[in-house]
Every structure is written in structure tokens, then in C-alpha cells.
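> I need the structure of the sequence given here:
(chains A and B)
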Number of protein chains: 2
Amino acid sequence: MKTLACLFFLISVQVFANDGSELWLKYDLIENETVRSNFSKSINQIVIDTQTERSTLAARELQTALKGLLGKEVPILFSKENKNLKKSIFLTDSYAGSELGSEGFKIENLKILAKTDLGLLYGTFAFIRHIQTSEKLYFSQIENPKVKIRMLNHWDNANGTVERGYAGSSIWKWFELPNQIDPRLIQYARANASIGINAVSVNNVNASSRFLTSEYLTKIKGVADFLRPYGIKVFISVNFRSPRTLGGLETSDPLDAGVRNWWKEKTDEIHKYIPDFGGFLVKANSEGEPGPQDYGRTHADGANMLAEAMKGRDGIVIWRAFVYKADPDGDRFKEAYEQFKPLDGQFDKKVIVQVKNGPIDFMPREPFHPMFGAFPKTPLAMEFQITQEYLGHASHLVYEAPMLKECLDSDTFSKGKGSTVSKVIDGSLDNQALSLMAGVANTGSDANFTGHPFGQANWYAFGRLAWDYDLSSEQIAKEWIQMTLTQNTQAVAQLTDFMMASHPTYVKYTYPLGLHHMMGEGHHYGPQPWLEKSGRPDWTSVYYHRAAADGLGFDRTGKLSNALKLYAPEVQENWGKPETCDLNYLMWFHHLPWDYKLSTGKTLWNELMSRYYEGVEDVKKMNDKWQTFKPIIDPEIFANVSGRLQIQEKEALWWRDACYLYFRDFSKMPLPAGLEMPNRTLEEVKKIEEIYHLR
Amino acid sequence: MKTLACLFFLISVQVFANDGSELWLKYDLIENETVRSNFSKSINQIVIDTQTERSTLAARELQTALKGLLGKEVPILFSKENKNLKKSIFLTDSYAGSELGSEGFKIENLKILAKTDLGLLYGTFAFIRHIQTSEKLYFSQIENPKVKIRMLNHWDNANGTVERGYAGSSIWKWFELPNQIDPRLIQYARANASIGINAVSVNNVNASSRFLTSEYLTKIKGVADFLRPYGIKVFISVNFRSPRTLGGLETSDPLDAGVRNWWKEKTDEIHKYIPDFGGFLVKANSEGEPGPQDYGRTHADGANMLAEAMKGRDGIVIWRAFVYKADPDGDRFKEAYEQFKPLDGQFDKKVIVQVKNGPIDFMPREPFHPMFGAFPKTPLAMEFQITQEYLGHASHLVYEAPMLKECLDSDTFSKGKGSTVSKVIDGSLDNQALSLMAGVANTGSDANFTGHPFGQANWYAFGRLAWDYDLSSEQIAKEWIQMTLTQNTQAVAQLTDFMMASHPTYVKYTYPLGLHHMMGEGHHYGPQPWLEKSGRPDWTSVYYHRAAADGLGFDRTGKLSNALKLYAPEVQENWGKPETCDLNYLMWFHHLPWDYKLSTGKTLWNELMSRYYEGVEDVKKMNDKWQTFKPIIDPEIFANVSGRLQIQEKEALWWRDACYLYFRDFSKMPLPAGLEMPNRTLEEVKKIEEIYHLR
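Residues are numbered from 1 along each chain as shown, chains lettered A, B, ... in the order given. You can find the predicted model right below:
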């Protein structure tokens, strides 16, 4: 009988288990009774003086939140009918104070003040976040977003797959749109609004022309109409060859009058469907995509043509700088800079150039892109990658905020000390009118949207940092944990530490000391440092790590490549000498002998191996630590993370063994004392990667 | 205030809305209070005399069901401790009666009797179904499944995509298995057990060798371990070239000793992971897949080699007969028959040959495959396709049971009248030891598993028919509706009619009068009757419809192809004359002049056009009918189906217009009087299909 009684209990739990679909908007009852009771006593109603669809959404969200957090039904009243504001949360979008911009808000105790209903929506979510994460009800806060366009880039394909997506299929159901809108989009839209995301591009930058057909524009209109109340504008990634593919023209030359006219007409057509269309996102002349260079034109020619088509509209053109040519003697690190530098000042005012955080491709740790700070006449947008293409997909737990912050806080020194990347991005450094931060989304059809439950934290963190890059990673982690995992104060602190340690841990067992680009070919999962042949040399691993008898690393100080020279002198000074270079960037800039003595006191080889081994140990510790949270975490979430941590432990070992067994043939050096020899051969380890190439 | 009050109500509903994830296992409270109260009074406890994991599952399922249906907590007691069976549902797996086979069950009022815990599980689900769909508690029933292996074939790829899947990505999360088992698999497994499905092949028949690596075998073991308590055995689709790809051998020749040994060792290895491994499913020498013919061997050589590897085990080899060569003078209709006929009698006892229901490829209406009844020395398995590859994907509402029944009930006449396809499949006609019915699954990662809410009914119907092909389509529809959509008696009857009409409607607006294979190339969505060039002639549309000035249809009576001769004389007689041939199969066997007078009194052209136009009108009626169900259907499900019906209406028109505008150039005949001319040109209609080829 004991077994069965227990089983009955299990079933009951199962029904109410948390599948993560509510994200950080669960609004669980505040457990601290004193706090809850105090809050509850002080709030009897919501009073609102506006009636727009968006303000109504805000009031309803607050009502839902209060019902969950306080267990109290709070009515929504109109201020016209209710002059008594006692014990009321008051919402207005008619605030006139000059301290607020159009998306800003001011909270004064129980008043949420904004100039627009979008500001009001953001203020309402901020207020809700406050009561979820603070024990004090009354507070004052003024906020304006630092970056104007805070955007998710969905790399979603028309067939429902997601490029570099690890959480199921696309959240957009193209075959069903616009007639049937997936109810999950409500959660998606609320989540975005709650962190201030105000723009999304719906389709992959490797773009299908399909999205510009009227058939698909009606579908995108369905998405735009649905997202509009949440303050989210829709962008489309476009294929530069569309005038030929769709229009039947003989060229897509951006200087051709027919082509220009085609884009003008298409842009007009789009606006018939989506009057507040956000604009175009373009990947051109990159990795095989078509572009203006196919016709002997420049990126500026291409971008300006689209800007012209957008003339008189609010929309903009986001032109990606992720370009690199297949030059065996070149250095991919420099190529975007070199291609775009001559164009600085040539772009239309409607164009913003979107630059990845680092010069290669979303490596777990990259120096900031040398374009930042070096383009005073061009607004530059930041492109981060939230989806974990190089961070262990949905299997590994990696909290990305510290990685994002590392880039944003980097000093370009382009206008002296304090010329941080964040000041480039918000437009303040060079007084740019446009500003944009984009994150390649990690959302998919999985019930919890992100596959790994902690992937939600990365979506959350991206949005929070796009709103305010000065927030600390710890603060953001803490908020997310409190809203998503637990209210237990001690656990919140421990989980914050747990998350903060995750990125350094991942880097240790994959790319310590500034190694980069050694992942499995194509699929980008697991290690493949031995990759030496691919479609292009800069798609191999050996191109980057340059392991040889004489040492390891890519010398970018001038000997092999002068890429370091692209940075300001202060930066060159910081990174240019191996003895003072940040060890996390060492192999990005230096080729050093295996027995080179580092500032840690260890040789390069010993430090490298120590870090690989430490990384594995750190994952074991993460795993152990996670087990201690069992009593306070929802059982389904707990089991889910536990399972993935097991995978992570196994795969950290895979990385460690692969890299030791491969590099030792060059270093000819033994493992540092005390480190245990892998119990497998390099051939065996190679076979694991090969599995992912079996059709 | 009115608006806001109303909005508040909406939020509350939203939280409890039905996303379909509970399938037909929702166990909603029985609405009829008299019935509920009678049931409730008569059931006080569940008494069970067995303690296996599977029996426990059965008891727990019953307990959960009673809690939902009756709103009553019913304890589970062991018979040892509780001799009083008054007001008890009694469960035993020690029943000895000879009327039951190992999976059968007997229900005698409140006793559920079986010889095995699997029989008990099935009996329990039958009992639950009974109380959901009947107003009488006490009843008697004896059931044994008619087919031994009742199987889902998942065409799921290692990368998470699903070939011909329209409901998100794969339900198997390969990257996370075996460490993290997706909790959705509980629903999946319960659903299968509830309809008697006892086998699944986990991967696409276009098989990756990846699934035979030890890395992936541990993952499949995770699935097998999870599904075992639910009585579901796991099969693997294998790539015939695996000895080369994985084993490094120089050949995969099935007569090569090394190859045979490789398969033997691999089979042994699989059994270390999965002791009750179901067996192999093989697509060989079909559509580019490798196979024994690559080495000059026969299908029997290939299959028998795998059977040999399985020797001494319970597992079997399922060898698909879906083969056809690219012969411009041949007829794809005949090719499987011709390739396999000489092999009848040559297959090992462990081999079963899996034949699609019809000779081409899951067309909406096909004559039964001529192999059925013609292979007395070979057990033949049925392969149905549940996923709607040619039935409008997840956009169109098509209840498939009548289509499946049409095939199963067909008389092959191979041993005289009554030699139905179902008697071939259950092994009774030719006294075969093996019997199997497979359905290509329509399940995916979408919250409701099948995309279209009514897709669930097709999964349900397949399972029910695999268990008992004598069940009527109406009966199955009624059960599903009662468990899934509504308990309202009148609505159940109307919804049954609604579902029953859906397949004839789909056929009318796509493939009336036996037309076939005219869908969009590759993607198989929408019409493309004009397709005349493809990789092979038998991948075009014109190959099949043979539209010309002199008429329409593929003459298989001997003039163009003698395929009809493959059938028994009685069947030839039925279908061989255009004046008596079932109109639904007419164009399958006859090429007739456009002005040929049909039994309906109309000319071929007029009948064809009337059906296309009627089909569109029928969809409009479906749409109108569905709107009348609004008050009694869950709002989320209602909106979901409504949206898809809008798409269906638009696309029925697409088919109609495409086929009229295309065929009229051959018939040179006007639309029958009263039918409205399409308001678009053939060129415009062609452009819609082209969208799906834009990258």
C-alpha cells in the first residue's frame, strides 16, 4: 500500500507541475505572509485614466499579477468615475514631466506615470517586478531605455525549422497564419514587453524571398497586428535577390532604376499590410547570400537603396556587418572592418550597421569587435546571440549576462577613456540618432520556449541589458530567479552565484585562455580542434588555434596578422604584450611557446590543461550544487535541469579529453601532476564528433 | 467599465483554456448528474491483486480517471488485505480463461480480468472509455486484438525535424536523451496504451546510421525503458549501408560473411541496451536509399540476413515494399508487386513485408495495393499514413477512419469472396504467424501533439482500427468526440456527421473520380496538375492524370498498363469496365473522353467540375456547421479549428481553380451551367504553388 499511496501523490503533483511555459510571469503567491499581507492591505484597486488597448493590457497584467502574488482580486476603475485614489495603484499615460522619453516611466509609490501607453506598459511591468523582488511596497524610480530599438532576431525559416535553434521548431506557425494565431504568442509577447523588447525580425537572415510575397505579408501582418498592443514592431529579413526572384527583373543591382522601383513598390505594399513596419534586416554578401557586391556595388549602395525605398516612413534598414571573404592569407578578424571602413559616412540616415559583439562569430569569449568606436559617422547596432550556438546548445547551462556585459563594458578608447562599447551602441559616443541592440533569439516551440530552463534567463537578461546595460549580471540573475525559481532568500543568493559561475566554467572546459572556433563542423556541437579541411580555411579549427611544435595561438600583433592594429592604441597596449594581456584573450592575439611562463606562474601548457580539468570539476560542482536545491525547486524543472547537467558533465569531459589528446601531439608535454589521464584515445574521441555527420 | 470587467473574465478563462495537450485523456467531470451520481455511488474503491509496475500504472490511471470523471477520490487496495469486493472495481492479471490471448481482457461489470498486466492495462483503458461514453455502468465485454503488432512509424530525424511532420519538431529530444526524458512522453505513452498501440519505430525510414551508434542506442534505451511499462516495444529504422558507414567494412553485401557478422554483433549490442527490442524497420532500394540490390542481391537476401542476426530473439524484421524504379515505360502501380512477387516464399519466418495501403503513395483515395491477397507465403503488414502528407497537412480537417476502412474492407477475392484486406493483415487468410498494422505518426512537439486538433482523432482511429478493424468509423469518431470535445448528446451526433463528411469533401476538391498524384512538387501541399518535369517521370503529375485532347485518366486495363491484371478476376471485373467501375476509382484505371457519359448522367467533364465545385461548397458548409458548435466547445480549441477551416476554405478554392483552369485547356469545354468562373488566371494560381519553392 505504501507504494500506491505514494504513486497517487505523484499523479496529483504531475498535473500541477511547472512545465516552464509561464516563463518569469508565473506570479506565484508571495510566500512571506507579512509582506503579502502588508501589500494586500495597501492595494484595493487599480485606477487608470486611459483606455487605449495597450493601457488596458497594462491594467489587466497588473490585475493578473496581483491576483497571483497577493491572492487578491483587485478591480480596475476609471479615474473619471473614481476620484478617490486611496489604496489605489494609479496608472496614467498623460504624465507631462520632461524627465521621461516616449518609452520611459516614473514610479512614485503607487503611481505609475508615463507619457505614452507604451511607457505605461513598461512602468507596469517594472512595478510588478518590484513587488515580486522587494519587501517594500513604496518606492520611486525613473527609467528611460538607453537604447531605442531593443530587438530579437529570429533565425526562423519558412519551413518551420530554426537555424541554430535548440528548442523545437519556430514559434511562428506560417502555414496557419494569419487565420490561426498560436495562443503561445500571448506568453511570448508579454515576456518581451515585460523586459522592454520593442522589435522583432521574424525570419532568418539567410532569408527566403517567400516572406515578401503577398501571401506571406498577410501572415506577417497577422503577427504584427498581434504584437502591436505589446509595443513590438515587426521587421523582415530580406533576400537581396528578391527583385529577380519575385519581381522577374533581370538584375538586383541596387543602382538599377527598375530594381530601386521594385523595392519602393514592395515597401509601399508592406506598409499597406503593416503601417508601422519596423524595417528591413539584411545579410548581404555573406556566407553565400546575395548582395550588392554581386553587381560591383558596395554595402552602402545596397543599404541606401533600401533606405530610399523607406523614405517618408518610420522604418529603418539594418545592414549586417558579418562579412568575410575566403582569403587563405587574410584574417577573418579584420575583414568586416576593412570592408566597411571606407564606407563610414556613406550610409543614409535610415541605415544602421549591425555588428556582432566580436570579430569572429559569437565565440564564448571574444574581444569586442574592432568596428566599435571606429565608425564615428555610422550608427552601429549590437548583435548578440542569445541562442547557444557555441555554448552547448540547449544542453549546457550558461548564463550569458556576464558575457554580454564584458563586451558592453569594454573600453574602445576611441574618444579617450570611457568610450565604452555601450556608449557606441546607445549612440551617445558619436551622437547618433539611431540606436539598436539585437539578440538572436533562443525561443522555439518547446513548452518552456527555450529548451534549457535556464535559457529563459538569457532571454530575460538580454532584454534587461538592452533596456539598461548598466544593470549588473547579479541583479538580473537575482530578479529572474525570484520570479521564476524560488522566493527563498538563501536559495536566491546561492542560485545567483551558481548562475554567475556558469559562463567562466563553460569557457574553461571549451575555450580557455582565448582559444576559439574549435567546435564540430557545421553542427557546432562539441569539440573538433583537429578540423583542418572545410569549405574554406576560415571554417576550420587549425586556422584559429595554430597549434604547432613551436606553440599555440593566433598572433595578431603583426607577425601573422596585424588585426590588433584595428583597435585604439590603449587597447593595443592592453592586449599587445603577452605578459600583460588578459589571459582570457591570450590566444586571440598571441602565438606562444608551450613552455611560455604565464603570469599565473604556470607554463602555457600547464595552465591550459589545468583550466580544462578545472572546468570539468566545476561542472561536477555545479551538478552537486544543483542537487541541494531539490527541496525548493519545482520537481519538473528540477529534473529537467538535473538531466541536462548530467549531459553537460559528460560533454565537459568530452571537450577536455579531446583538447588534451589533440594538443599533446604538438606540445609533447605531459599532463601536469595530479591530473588524471583520459581513459580513451584521440581516435575514440574523434568518433563521437563523427556521429553528428552521419546522415 | 464594461469592457474591463469583460477583459478580466477573459484572462481567467485563458489560464484554464484547453491547449489539447491532454488528448482524449482529459477525464472531464461527467456532466449528467444522474449518471455521475449513480456511478459514484457504485464505486468506492479499486482492488487489485497484482503489483507489477504495469498493473500499478493501470490502477493509477483508473484512479485518475475516476477522480476526473466522478470528482471522487477512490483508494487503491490490495486484494490480500481487502477481501470485500463490494462496490469495488477489481483488477487482476491472473485470469485463466482460454477465451483470452496474452493481450486480451474480459470485463464483467466491475471486474477487469486479464492474463497479463498488459491485458489488464488495455482492459482498464477500455473500462475507462466505457464510463466516459456510456450511461450504464455494468457491462460485459471480451476483447482480443485482431492484429499482433499495432505500431506507429515515426519519420523523425536525428536533427529533430520530422519528415512529413506538420506539428512542430520531433517528440524525441535526441540531444537530451537519455538524461532528460521529456514529460510530454507520459501523455504520448498513455495515449498509445489507451488505444492498444504496442510498438513504435522511433526514427525515419530514410534512416541515419547515427541511431545504431552506441551513443544513440543509449538514448533509444532511455525511450524503451520509459515506454516499456505502457506495453510499447521499440523498433529502429536502419540504414542498409551501416556496415560500411559505421563498421568500416568495404561492403554491405548481405551475403558477405563480414557484413552478416557485423549485423549479428550489432543486434547483440542492441539487446544489451534493450532486451525486448522490437526489431528493424527497413526501407531499402527505394527512393535512393541503399539496399541489397546495390550488390546484386534481392530484398529477400537483405531481409533474411537481418532475420539471421535476430535469431533466437523475439524481434522481427519489417521490410518495406515501397519500391519503384524510374522506368518511363513502366507503371509505378505495378512495380512493388513485380519486384516482390518472385520472392514470395523466400523470406525468413522473422520477416514481415510492410505494404502501403495503395500502390502509389498514400493518395487520399487509392484502390487497395495489389500485393494484398497475392502473397500467400509471406506475411504482409499494412502501412497507413496518419500524418496528412497528401491530406492538406495540419491545415485541413480530414477524418481518416473511413479511408482506412475502405482499404481494410476491400475484398481481394484471392481465396474467394470475403478475402478482405483485413484478413490478409491479421494473418488469418493465409494462416500467417506474424501480423502487423503500422501508421506513420502525425505526432510532434506542438502542445496538442498533432497541430490540427482533429489530427488527434486520426491517431486515435488508427489505434482503434489496429486493435479491431471491425469497429465502424462512426463509432470511433463518437468515442473520440465524447472523450475530447463534448458530452452533449446532440452535438456528439452532429460532430460525428461532421467528421464523417470530411474525407469525401477533401477528395472532392482535390482528387475527384480517382484522380491522383497532382500535388505541389516536393512539399506536397496544394495543387500542381501541370507538373510535367521532375527528377523522374513518376514524380510528375501528368504521368498520372494523362490529360489530353482525347480525355483524362490512366488506362491500366491493358492499353497503357496492364496493372489491373495484378488483381483477382473478380476485382478486375469490378473495376475493369468504365460503365461499372466505382467512380471513386475511375481515373485510376480508365482513360475516358471528356464527353464520356457517366452513370450519374453527366459527362466526365461536367461530373469532374461539379465535384470540384461541390467540394468547395462542402467546406463552406463545414465552416458554417463548426460555428454552430461554438457554445459547447472549449474556446481555444474552437478558435484553433475555426482558423484552420478558414485556411481550408481558401485552399479548397485553390485546388478547384487550379484544376478547372488547367484541365479546361485539354477538354476545351465550358464550365457546367450555374458554376461561377474563377476570378483568377491559371498563371496566378500557378504562382501560389511557386511560393513554396522560394528558398
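> so how far is chain B from residue A:32?
24 Å (Cβ to the nearest Cβ, to the nearest Å). Glycine gets a C-beta too; all of them are placed from N, C-alpha and C.
> any idea how far residue A:483 is from that residue?
Distance check for residue A:32 against residue A:483: by Cβ to Cβ, to the nearest Å, it reads 15 Å.
> which of those two has more neighbours?
Neighbours per residue (other Cβ atoms under 10 Å in any protein chain shown) separate residue A:32 from residue A:483, with residue A:483 holding more: 22 against 12.
> return the residues in contact with the nearest residue to the more buried one once chain neighbours are set aside.
In space, and not counting its chain neighbours, residue A:483 is closest to residue A:24: 4.1 Å by Cβ to Cβ, 6 or more residues apart in numbering or on different chains. By Cβ atoms under 8 Å, 6 or more residues apart in numbering or on different chains, the contact set of residue A:24 is A:191, A:194, A:456, A:460, A:479-480, A:483-484.
> sec struct for residue A:24, please.
coil (DSSP: H, G, I helix; E, B strand; the rest coil).
> before we move on, what about the one 5 residues further on?
Following three-state DSSP, the label given to residue A:29 is coil.
> for residue A:40, see how far away the spatially closest residue to it that is not a sequence neighbour is.
Of all residues not flanking residue A:29 in the chain, residue A:71 sits nearest, at 5.5 Å (Cβ to Cβ, 6+ apart). From residue A:71 over to residue A:40 the distance is 8 Å, taken as Cβ to Cβ.
> kindly report the same for residue A:571.
Relative to residue A:40, residue A:571 is positioned 54 Å away (Cβ to Cβ).
> now residue A:22
22 Å.
> show me which residues of the stretch 551-695 of chain A are close to chain B?
A:636, A:639-640, A:642-644, A:646-647, A:688, A:691-692, A:694-695 (Cβ under 8 Å from any Cβ of the partner chain).
> only whichever of these are buried, select them in ChimeraX.
Of these, the buried ones can be selected in ChimeraX as follows, counting by 16 or more other Cβ atoms under 10 Å in any protein chain shown:
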select /A:636,639,640,642,643,644,646,647,688,691,692,694
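> inside helices: which ones of the residues of the stretch 551-695 of chain A next to chain B?
The helices, defined by DSSP state H, take in A:636, A:639-640, A:642-644, A:646-647, A:688, A:691 from these.
> from those, pick the one nearest chain B.
For these, the residue nearest chain B by Cβ to the nearest Cβ is residue A:643; the value is 2.7 Å.
> in the stretch 51-200 of chain A, what residue comes closest to chain B?
residue A:180 (2.7 Å).
> so that residue sits against residue A:173, correct?
Yes: in this structure, residue A:180 is within contact of residue A:173 by Cβ atoms under 8 Å, at 7.2 Å.
> so which residues on the stretch 351-500 of chain A come close to chain B?
So far as Cβ under 8 Å from any Cβ goes, the stretch 351-500 of chain A lies against chain B at A:393-395, A:444-447, A:451.
> among those residues, which ones are buried?
For those, buried by 16+ other Cβ under 10 Å: A:393-395, A:444-447, A:451.
> of those residues, closest to residue B:372?
Proximity of those to residue B:372 (Cβ to Cβ) peaks at residue A:445, which lies at 38.6 Å.
> what helix or strand does the residue in the stretch 351-500 of chain A positioned nearest to chain B sit in?
Residue of the stretch 351-500 of chain A nearest chain B, by Cβ to the nearest Cβ: residue A:445 (4.6 Å). Counting by DSSP states H and E, no helix or strand carries residue A:445.
> how near is it to residue A:316?
30 Å.
> on that earlier part again, quick check: closest non-adjacent residue to the residue of the stretch 51-200 of chain A closest to chain B.
Sequence neighbours aside, residue B:643 is the residue nearest to residue A:180 in space, at 2.7 Å (criterion: Cβ to Cβ, 6+ apart).
> what's near enough to touch residue A:348?
By Cβ under 8 Å, 6+ apart, the contact set of residue A:348 is A:303-304, A:307-308, A:317.
> of residue A:71 and residue A:40, who's got more company?
Neighbours per residue (other Cβ under 10 Å) separate residue A:71 from residue A:40, with residue A:40 holding more: 18 against 11.
> return the residues of the stretch 201-350 of chain A in contact with chain B.
Taking Cβ under 8 Å from any Cβ as the measure of proximity, the stretch 201-350 of chain A contacts chain B at A:208-210, A:213, A:215-216, A:239, A:245-246.
> out of those residues, which are inside helices?
A:215-216, A:245.
> could these be laid out in JSON lines, adding pLDDT and neighbour count?
Shown next, in JSON lines, are these (pLDDT from 0 to 100; neighbours: other Cβ atoms under 10 Å in any protein chain shown):
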{"residue": "A:215", "pLDDT": "96", "neighbour count": "14"}
{"residue": "A:216", "pLDDT": "97", "neighbour count": "23"}
{"residue": "A:245", "pLDDT": "95", "neighbour count": "20"}
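> out of the residues you listed, who's nearest residue B:257?
residue A:245 (54.1 Å).
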